[in-house]
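Student: Dropping a prediction and its sequence here:
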Amino acid sequence: MGQQATDLTVSDNRPGHGPARDAVRGGLIGILAGLLGLGPWLITGAQLPLQNLWASEAAPNQMPLSLLPLSQYELTTIVALLTVGGAAAGLAVRLWSPARRRLASWCAAAGVLGVQFTATVQSFTVLDGGLAGGTMGRLYFAGLLAGVVLSLAAALVALLLVSSRSRALVALGVGLVAVSFASWPVEWVAGVVGPLNIPAAVPTAARWIPAILVGCALAWCGLRPARHAVVWLVDLVLLWVVPALFISVNYVLGTRVAAGDLQEMLLMSRQILAATLGPAGGALPTVLLALAVALAGLGARSVAVRRRTAVPTD
C-alpha cells in the first residue's frame, strides 16, 4: 500500500502531470461536451424558431441565428441539449479518472457552463431584440429564461454526480438525465433527415431509452449497501414523475387558450400532471422495464461472481 502511494506521488509530480495539466484537460473536456450537447441543434443551422410574439412577420429562413432553440414548444429539447452536455462531461471525467478528480470535475464544469452560458446570453439577446413589447412578451421571456437557468443547474448537478467515484451517485445522475436524454438522439435524426422525415421507429424506440439506461445503471450500482436501495427508489420515481412534468409543462405552454392567465395555467398544469401520473399516464411500462433490466443485470452479475469464485474440485 505504501509503495502504491509513493508511486502515485511520484507520478503526480512528474513534469506535465501536475494540477495545471489536469485543469486544462478538464476544461477542454467540458468545452467539447458542451458543444456535443448542443450538436443536434447546431447542425440544423441554429435559426431561432418562429415566435408567436415576434414583432414583425418573418419566414422560418428569415429568423436570426440562435444557439438555443428558444420556444415554448422546444422546452424538452432545451433541457436535453443542456443536461446531456453536463452528463457527457461527467462521464468523460469518470472514465479518465484523474488523480485530482475534484479539480478536473470543476474545470470540466467551467468548460461546459462557459459554452452553455455563452449560448444562453447570445440566444436571449436575439430573442429580446425581436420580441414585441408588452406584458405577454416580458412574461414569455422570463418564463423561458427561468427554464434555461433550471436546465443549466441540472446540467451542473448531472456532471458532478456522473463524475463521482460513488456508483450510487453515478446511478443517481443517470436517473436525473435519462428522460431528457431520450429526445437527444431523436433531435440528431431530425437534424440529419429533417423533422418531417423521421422514421416512426425512432421515437418509438426512444420511448424505452430511459428505462434501459436506468435499469443498466441500477444493475451496475447494485443493492448493497442499503443506501443503494434508496437510489433505486429515487431513479424509479424520476422515471415516473419527470415525463409527466414534461407533458404537463409542454401542454400548458403550448396552448394559447390560457396564455397570460397564470391561475388558469396553474390549474391546467395540475390537472394534466394528475392525469399523467395516474395509471392511464403510460409511465408504468417504462418503470417496470427499468426494474426488470436492473434485476436481470443483478442476476447476471451474481452468476458471474459465483463462477469466478467457484473452487474447482477433484
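Tutor: Right, received. Where do you want to start?
Student: Could you look up the next helix or strand downstream of the helix-or-strand element of the chain with minimal mean pLDDT?
Tutor: Every helix and strand in the chain was compared by mean pLDDT, DSSP states H and E; the lowest is helix 2-12, with a mean of 39. Counting by DSSP states H and E, the next helix or strand C-terminal to helix 2-12 is helix 19-42.
Student: Give me the contact list for that next one.
Tutor: When contacts are defined by Cβ atoms under 8 Å, 6 or more residues apart in numbering, helix 19-42 is touched by residues 67-69, 77, 81-86, 88-89, 92-93, 96, 98-100, 103-116, 119, 155, 159, 184, 187-188, 190-191. (Each C-beta comes from the backbone N, C-alpha and C, glycine too.)
Student: ok, and for it, which residues are buried?
Tutor: 22-23, 25-27, 29-41 (16 or more other Cβ atoms under 10 Å).
Student: what does stretch 115-129 give?
Tutor: Counting neighbours by 16+ other Cβ under 10 Å, stretch 115-129 gives 115, 116, 119, 120, 122, 123, 124, 126, 127 as buried.
Student: now, among those, which is nearest to residue 253?
Tutor: residue 127 (15.1 Å; Cβ to Cβ).
Student: contacting residues around that closest one?
Tutor: Contacts of residue 127 (Cβ under 8 Å, 6+ apart): 48, 51, 66, 70, 141, 144.
Student: Could I get the full set of strands for the stretch 1-150 of the chain?
Tutor: Remark: strands of the stretch 1-150 of the chain are absent; assignment by DSSP state E, counting those that start in this stretch.
Student: In this structure, which helix is the longest?
Tutor: helix 101-130 (DSSP state H).
Student: Distance from that helix to the middle of the chain?
Tutor: Averaging C-alpha positions (Cα atoms, centre = their mean, to the nearest Å) puts helix 101-130 15 Å from its chain's average.
Student: Helix 19-42 and that one, what's the angle between them?
Tutor: Per axes from the mean of the first three to the mean of the last three Cα atoms, to 10 degrees, the angle that helix 101-130 makes with helix 19-42 is 40 degrees.
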